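Colleague: No letters, just coordinates:
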């Protein structure tokens, strides 16, 4: 219920791990694709009641607040955005809690404007293995731990974060949302190659999906939104989006793009996916590989993976860039800042279908093989830690920052008390 409870619990858990090899996991929300916040024959330190939030300062030019690790995106929309006109970066799914989201980097639909969630972190309170609490920020004696928490904090680099202090921003509940259909690989590759040159302002969050064929056939579905303050700004955003799509798409396709203003709080109720066996594969497409021809070949292979999936596979391509890429890869633990798109293949088999586990295992084997072909031919770089791959290495997640992270791990957690299958 309180930080003090965590301080009392962690030394006990550390002792059980050292002396009796009883493992434990730390859980803020349990949204980890590879279930690294749960453990067989072990103990879960559940932070669910560390779910408070507070605005410390709210001025026109500066909003600062604190959130606990178990605060959900849905709560932020309802309690901060709607009631206080203040927002922070959060996951697209309202059930995602802030703890793992921020510590793994934290990509949001606002990220092209504000950066990653870890970039908004001002300080963190951290419980170490001996139960002591340190406050880590960029200027104090725990600056190295603070650096590691910003992108690699979920990878067992030091302790349990009980509170985050964040830079926030002024926003509102109503936003612009839209959807359009891009029919062919050729047109979609043209569209993505134009997006690569930062054609759209940072206000825009853009994602492309290829759903199972029964939903939209062969069409790629483009979802996009414009976040801003004030209704007049949203109207300007709608004009900008309409103009941009006319310039980037054929006249016929552009007419299949619709826009509307709607409550973001209502929108945030959607997107919860549970009751599934889940696996993801993902990598970053770099600017130099965003030519139309390379993208077209990539999309063709992704369509093949979708078709292998027997209706259980969805392809997701998220536009990155903007403010994310303006920070040097060495300035925080999050390394893959040059990525223009994150390419993600999602396999989700409902547990209530007949022989769900058999289907899941068969699909994994086929998709593993197909994904190796995608990586080899299209030079996708790295892997986003919040979309964890079962077989990814620390190098896949943290690139050129791995050596420094290992040194910080050795300093703050030399006995590897805080560890799981995808941690240091």
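Modeller: Noted; the coordinates are in hand. From a predicted model like this one, the values you see are computed outputs, not experimental measurements. Numbering: from 1, shown residues only.

Colleague: pLDDT value on residue 79, please?
Modeller: On the pLDDT scale, residue 79 is placed at 89.

Colleague: Find the nearest non-adjacent residue to it, please.
Modeller: residue 53 (6.9 Å; C-beta to C-beta, 6 or more residues apart in numbering). C-beta here means a position set from N, CA and C on the backbone, and glycine is covered the same way.

Colleague: can I assume the one you found is in contact with residue 64?
Modeller: No - between residue 53 and residue 64 there is no contact under C-beta atoms under 8 Å: 11.9 Å.

Colleague: before we move on, the earlier item: mind listing the residues bridging to the residue nearest to residue 79?
Modeller: Beta-bridge pairing of residue 53 under DSSP bridges involves residue 67.

Colleague: what do you get for the one 4 residues further on?
Modeller: Judged by DSSP bridges, the bridge partners of residue 57 are residue 64.

Colleague: and it, how many neighbours does it have?
Modeller: When neighbours are defined as other C-beta atoms under 10 Å, residue 57 has 9 of them.

Colleague: average pLDDT for stretch 57-69?
Modeller: Stretch 57-69 shows a mean pLDDT of 91.

Colleague: Also stretch 105-113?
Modeller: Summarised as a single mean, pLDDT over stretch 105-113 is 93.

Colleague: chain center to it: distance?
Modeller: Distance, stretch centre to chain centre, for stretch 105-113: 8 Å (C-alpha atoms, centre = their mean, to the nearest Å).

Colleague: residues making contact with the longest helix along the chain?
Modeller: Scanning the chain for the helix with the most residues, using DSSP state H, yields helix 356-378. Identification of contacts with helix 356-378 by C-beta atoms under 8 Å, 6 or more residues apart in numbering yields 277, 279, 281, 283, 285, 289, 294, 297-298, 301-302, 304-305, 308-310, 312-313, 343, 345, 347, 349-350, 353, 380, 391.

Colleague: Give the buried residues for that helix.
Modeller: If you call a residue buried by 16 or more other C-beta atoms under 10 Å, then helix 356-378 has these buried ones: 356, 359-360, 363-364, 367, 370-371, 374, 378.

Colleague: just to revisit the earlier point, the more surrounded of residue 53 and residue 64?
Modeller: Just comparing residue 53 and residue 64: by other C-beta under 10 Å the higher neighbour count belongs to residue 53, 20 against 17.

Colleague: Mind telling me which residue is nearest the centre of the protein?
Modeller: The centroid of the chain falls nearest to residue 107 when counting by C-alpha atoms, centre = their mean (4.2 Å).

Colleague: For the residue lying closest to that residue once chain neighbours are set aside, grab the count of nearby residues.
Modeller: Excluding its sequence neighbours, the residue lying closest to residue 107 (C-beta to C-beta, 6+ apart) is residue 116, at 6.1 Å. Using other C-beta under 10 Å, residue 116 has 27 other residues around it.

Colleague: Does residue 116 touch residue 334 like I think?
Modeller: Yes - with contact defined as C-beta under 8 Å, residue 116 and residue 334 form a contacting pair (6.1 Å).

Colleague: where in the stretch 151-300 of the chain is pLDDT low?
Modeller: Low-confidence segments of the stretch 151-300 of the chain, defined by pLDDT under 70: 197-199, 230-231, 263-274.

Colleague: Would you confirm that residue 92 contacts residue 111?
Modeller: No - the pair residue 92 / residue 111 is not scored as a contact, 10.6 Å apart, by C-beta under 8 Å.

Colleague: out of those two, which sits in the more crowded spot?
Modeller: Between residue 92 and residue 111, residue 111 has the larger neighbour count (other C-beta under 10 Å), namely 24 against 17.

Colleague: partners of the nearest residue to residue 195 once chain neighbours are set aside in the sheet?
Modeller: Nearest non-adjacent residue to residue 195, counting by C-beta to C-beta, 6+ apart: residue 319, 5.8 Å away. Applying DSSP bridges to residue 319 gives these bridge partners: residue 341.

Colleague: How about residue 315, nearest residue that isn't a chain neighbour?
Modeller: Closest residue in space to residue 315, ignoring its immediate chain neighbours: residue 210 at 3.9 Å, by C-beta to C-beta, 6+ apart.
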